[in-house]
Each structure stands twice: as C-alpha cells, then as structure tokens.
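Engineer: Sequence first, predicted coordinates after that:
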Amino acid sequence: MEVIVMRHGERDYQPCHDRGFIGQGLELAPLTDNGVKQAEEAAQNPLIEGCSVIVSSPYTRCLQTAAIVSRIRNIPLKVEIDLHEWIPDLLFQNKPGDAKKYGEEFASNQGKYPEGETCRWESIDMMEKRLIGVLNKYMDYDKILVVTHGMLMHQIKPYGHIPNCYVDSFIYDENFTCAGFNKK
C-alpha cells in the first residue's frame, strides 16, 4: 500500500492558554490562519492524487488539516485515535514544563525505558505499535493519506525537522519496519 503522510498545519495554543488548559487540554489547539493556508496549499500536492481515504489523528490540528484536504479533494475522512502525538505523560496530567522534561528523558534514552524502569512518557515501542496497528487496518487500500504529527512521522523515516503540512510517501507492506530513534 502506498501511504502519503502529512504533518498538520501550524497550530495556535493561545485559546488553550487563555482557558488555563494543561496536558491533553493543549491538544484542542486549532490551526492558525496561516495553518489553514498551509493545509489548503498542501491539499494541492500531487502525491495526494489517487488516495481513497484520509486517515487522521483525532487532535484538533490534524483533524482540521485533514478536513480541509478532504473538502478540497473530496476524499472521505476517518479518525484514528492511535495516530495521536507522542504522549509526554501517560497519566495525562503534565503541567507546564513537564513535556519538555519528559521529552529530554525520551531523547536521552533514545525512546526506550531505562532497564528495569517505567517512565511517565510513551516509549518508542508504544508509538510503533500503535502506528503499525493503524496502518494494518488499511492494507486493503491501494493508497491512503495519513495526517498526523511529527513525532509519529519520525517512526516512518529519519526526517530531521518536519515543517508544517510537509507531505511525503512511503510503501507500507509486510516488510516495513519503523525507523526507530533518530536524533537529528
């Protein structure tokens, strides 16, 4: 199956900050006006031609990006909970600064829990498992568009910095293996 993968557009955390949201509440952040333009422009990417379905993360920034592409391209949209962003706190209670701290722990341990320890953050193995689980559901399709997050895209290829609404493609089959931890 050919998978076209797209990162979401630029997000605006201000409405969430204005309401005092923390942790998972920040995932309600919508796109900025520029993020909407990014999604509209990305919808014209020729790689998207021939996609049978758009599969999106449930987080607002991805779902809004996917909805824009769906409207422009007239492609049906499905939401997959497991396409969400990396979870810095599996208890969903991270406070300001925690995501950075847990992200540094994740990076210093290359996404793996230290021997004999369980951490608050989602491991790379957990991310890979949920990505593979979603992709396996769509194996009967020839070509799909997946709208997701940078951290999850890093499980596909060692991209380095991934700009908003970046579009790429890869082949997903029984030989696919995740990229693993790649620090760029």
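Structural biologist: Sure, I can see it.
Engineer: Not counting sequence-adjacent ones, nearest residue to the residue most central in space within the chain?
Structural biologist: Centrality entry for the chain: nearest residue to the mean C-alpha point is His149, 2.1 Å, by Cα atoms, centre = their mean. Counting by Cβ to Cβ, 6 or more residues apart in numbering, Glu85 is the residue found nearest to His149 once chain neighbours are left out, at 4.0 Å. Every C-beta, even on glycine, is put in place using the N, C-alpha and C of the backbone.
Engineer: was I right about the one you found contacting Gln24?
Structural biologist: No - contact criterion Cβ atoms under 8 Å: Glu85 and Gln24 do not qualify, at 10.1 Å.
Engineer: State the pLDDT value of Asn182.
Structural biologist: pLDDT, Asn182: 68.
Engineer: Pull out the buried residues from the helix or strand bottoming out on mean pLDDT in the chain.
Structural biologist: Within the chain, no helix or strand scores below helix 14-18, which has a mean of 86 by mean pLDDT, DSSP states H and E. The neighbour-count check on helix 14-18 (16 or more other Cβ atoms under 10 Å) flags Cys16 as buried.
Engineer: same thing with stretch 55-69?
Structural biologist: 55-57, 59-66, 68-69.
Engineer: Pull out the CA atoms of the least confident helix or strand of the chain and give them to me as CSV.
Structural biologist: The C-alpha trace of helix 14-18 is given here as CSV (Å, rounded to 0.1, in the frame of the first residue of the first chain):
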residue,chain,number,x,y,z
GLN,A,14,-3.3,30.8,22.7
PRO,A,15,-7.0,29.8,23.0
CYS,A,16,-5.9,26.9,25.2
HIS,A,17,-3.6,29.0,27.3
ASP,A,18,-6.4,31.6,27.7
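Engineer: Need the residues that contact that helix.
Structural biologist: With contact meaning Cβ atoms under 8 Å, 6 or more residues apart in numbering, helix 14-18 is reached by 25-26, 28-30.
Engineer: Most neighbours among the residues you listed, which one?
Structural biologist: When neighbours are taken as other Cβ atoms under 10 Å, the top entry among the contacts of helix 14-18 is Ala29 (20 neighbours).
Engineer: residues touching it, list them.
Structural biologist: Listed by Cβ under 8 Å, 6+ apart, the contact set of Ala29 reads 11-13, 15-16, 60-61.
Engineer: what's the answer for Gln93, then?
Structural biologist: Taking Cβ under 8 Å, 6+ apart as the test, what Gln93 contacts is 22-23.
Engineer: what do you get if the cut-off is 6 Å, keeping everything else the same?
Structural biologist: By Cβ atoms under 6 Å, 6 or more residues apart in numbering, Gln93 lies in contact with Gly23.
Engineer: Check whether it sits in a helix, strand or coil.
Structural biologist: coil (DSSP: H, G, I helix; E, B strand; the rest coil).
Engineer: All good on my end, thank you.
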